[in-house]
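Colleague: return atomic coordinates for the entry below.
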Amino acid sequence: MNLILLLEEDFTSANRVRLSGRRREHVIEVHRAKVDDELTVGRLNGPMGKGRITRLDSECLEMEVLLDAPPPSKLPLTLILALPRPKVLNRVIASATSLGVSSIHLVNAWRVEKAYWNSPRLQPENLWTQRVLGLEQAKDTVLPDLHLHRLLRPFAEDTLPALIQDTLPLIAHPGAPSACPRAIERPVTLAVGPEGGFIEGEVSMFERTGFQPVSMGERILRVETAVAALIARLF
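Modeller: The predicted structure follows:
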């Protein structure tokens, strides 16, 4: 981790924290830190700064912290993502968080297996953990919003119109005649389907709401590759 993310319950006073478990082990095994060393830290959904180690042993890690810097700005991007395969979901959520996505909506689609919605990886604890891992990687502290929508049509009809207001709505679709635009300087709402893309009826449903189909070329990409490539191209 490139940043030690601090939770409210870690604080023993206004400028002192006590950590144990995964974060303490990482500081010992990866950072190989010792007492008086400084680490980059940040308060969840708050400022960043430095933490000076005052105690580090088999029981806990204690630091004196100074949080005096803002976190990096989020991308003005709302990501609508057809629920990926469970073994891919963790990577996609962590990666999108690292890239600075502001909001993530996981939706159903015809090519999404019904069993995916029963995966333990959709439990709130796991989705929170994957976003935290993304923040730690990117030196960020602000969690992206994350929402689940098991029914696509109600989402498209009831939620999308307000969601895309004052944004550029794009849907990634293999074979679309328009190429994905570059270096957009306004908020974007981006919909990415399952591997193989949304079916034509689903694309039409997005189009009726105002989405423009765009493509990355002839190649069919894995979901995690497509998300990263599209975000890099848009911003």
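Colleague: only C-alpha atoms for contact and neighbour calcs from this point on.
Modeller: OK.
Colleague: what's the average pLDDT for the helix or strand containing Leu106?
Modeller: Assigned by DSSP states H and E, Leu106 belongs to strand 103-107. Across strand 103-107, pLDDT averages out at 98.
Colleague: and the contacts of that strand?
Modeller: Outside strand 103-107, the residues that touch it by C-alpha atoms under 8 Å, 6 or more residues apart in numbering are 77-83, 144-152.
Colleague: next one: that strand to chain centre, how far?
Modeller: Once both centres are worked out by C-alpha atoms, centre = their mean, to the nearest Å, strand 103-107 turns out to sit 9 Å from its chain's centre.
Colleague: tell me the span between the first and last residue of stretch 79-91.
Modeller: The straight-line separation of the ends of stretch 79-91 (C-alpha to C-alpha, to the nearest Å) is 15 Å.
Colleague: what does it rub up against?
Modeller: If you take C-alpha under 8 Å, 6+ apart as the criterion, stretch 79-91 is touched by 101-109, 112, 116, 119, 121, 127, 130, 189-194, 223-224.
Colleague: domain assignment for the protein?
Modeller: Annotated domains of the chain cover 4-69, 77-234 [automatic domain parsing].
Colleague: which ones among the contacts of strand 103-107 map onto helices?
Modeller: Secondary structure defined by DSSP state H assigns Leu152 of these to helices.
Colleague: helix, strand or coil for Lys74?
Modeller: Under the three-state scheme (DSSP: H, G, I helix; E, B strand; the rest coil), Lys74 adopts coil.
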